[in-house]
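>>> Could you look at this predicted model? Sequence included:
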Amino acid sequence: MALEGALLSALASPRRQEILRLTWREERTAGAIHQAMPDVTFGAVSLQLKALLEAGLIEARVEKSDRRNRYYKARPEALGEMGKMLERMWDDTLWKLKVAAELEETRRGPRPSRKTSRKMKGKKK
């Protein structure tokens, strides 16, 4: 199966892969996706969702009773066999560690500061 350039480009981003994973089995709002990725701004999540929509990897719907939120769901059929491979990777613990490391590496903004304990402040090494 030959994947188009837009699909491959969309899959190249660890953030987009994480959004795909989050929406693979259940619909989520952009707010829920943002909560699952707290180190990313809501605007950045929106941009990633837009790229995934344009690549045809997710779909969005607006519920009639709640017009404020869009609900996003991955389209596994858009990836064919590649989708099955992604599912196997996401179930793998090593994959989860890899994604966490990649997300931390691409994180923007100030890094969380390490707090030293009170006991260590007064001691010299």
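Happy to help now that I have it.
>>> the bottom helix or strand of this structure by mean pLDDT?
The least trusted helix or strand in the chain, going by mean pLDDT, DSSP states H and E, turns out to be helix 118-122, with a mean of 51.
>>> Low-confidence regions, the chain specifically.
1-4, 92, 94-95, 108-125 (pLDDT under 70).
>>> Which stretches in it count as strands?
Ranges of strands in the chain, per DSSP state E, are 28-29, 58-63, 66-74.
>>> So which residues make contact with the last one?
For strand 66-74, the external contacting residues (C-beta atoms under 8 Å, 6 or more residues apart in numbering) are 19-20, 23-24, 26-31, 33, 49, 52, 57-63. Where you see a C-beta, it was placed from the backbone N, CA and C, and this is true even at glycine.
>>> Filter those residues down to the buried ones and express that as a PyMOL selection.
Here is the PyMOL command that selects the buried residues among these (16 or more other C-beta atoms under 10 Å):
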select buried, resi 19+20+23+24+27+28+29+30+33+49+52+57+58+59+60
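>>> re earlier: just tell me which of the strands of the chain ends up closest to residue 9.
strand 58-63 (14.6 Å; C-beta to C-beta).
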